[in-house]
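> What follows is a predicted protein model with its sequence.
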Amino acid sequence: GKTTAQNRLATFFESLGWRVFRVPETATILLNGGISFALLTDEQRLEFQENLLKTMFQIEDTYFSLATTQNRNCLVICDRGAMDCSAYLPRQDWEKILEKNNLNEVDIRDNRYSQVIHLVTAARGAEEHYTKSNNKARS
């Protein structure tokens, strides 16, 4: 799935002499810290998603900044993109987060990343190939 695709992409570019940075999935980092969505109120979920987005930007920006200092070609692979947060919220909540943080959806979607690869989950149509075992936050 996604992890395999990232590893293959990284290995390919590393074999060409590129420096490859892999930005970890921010939601997994936070959820593995003991947060359970089932135990959060709607207000807490909204605050979590807002902080998730801010944290994601900071982590990505750390890698993006470091990439500009490399003496060779550099690829930064982000496990997920900032627009993912919008998929876990009602539209009006997403818009509140954008407005509160002076963010523009079109700018995030169209300008933050140089390339986006969209993968279809193995959990849809190829369930026998999908596993939750490699990510505790999914179980």
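Looks like it arrived, so ask away.

> can I assume residue 74 is in contact with residue 18?
Yes: with contact defined as CB atoms under 8 Å, residue 74 reaches residue 18; the gap is 6.4 Å. Just so you know, the C-beta spots here come from the backbone N, C-alpha and C atoms, and that holds for glycine as well.

> Of those two, which one has the most company?
residue 74 (17 against 14; other CB atoms under 10 Å).

> Beta-bridge partners for the more buried one, please?
For residue 74, the beta-bridge assignment (DSSP bridges) gives partners residue 19.

> what's the spacing between it and residue 66?
If you measure residue 74 against residue 66 using CB to CB, to the nearest Å, the figure is 8 Å.

> Next: residue 29.
Distance, residue 29 to residue 66, using CB to CB: 18 Å.

> One more: residue 42?
In this structure, residue 42 and residue 66 are 37 Å apart, going by CB to CB.

> Just want to know which of the two has more residues nearby.
Summary of the neighbour comparison: residue 42 and residue 66, criterion other CB under 10 Å, with residue 66 having more neighbours (13 against 9).

> Next, count neighbours for the residue nearest to that one when sequence neighbours are not counted.
Leaving out its chain neighbours, the residue that sits closest to residue 66 by CB to CB, 6 or more residues apart in numbering is residue 21, at 6.8 Å. Residues near residue 21, counting by other CB under 10 Å, number 16.
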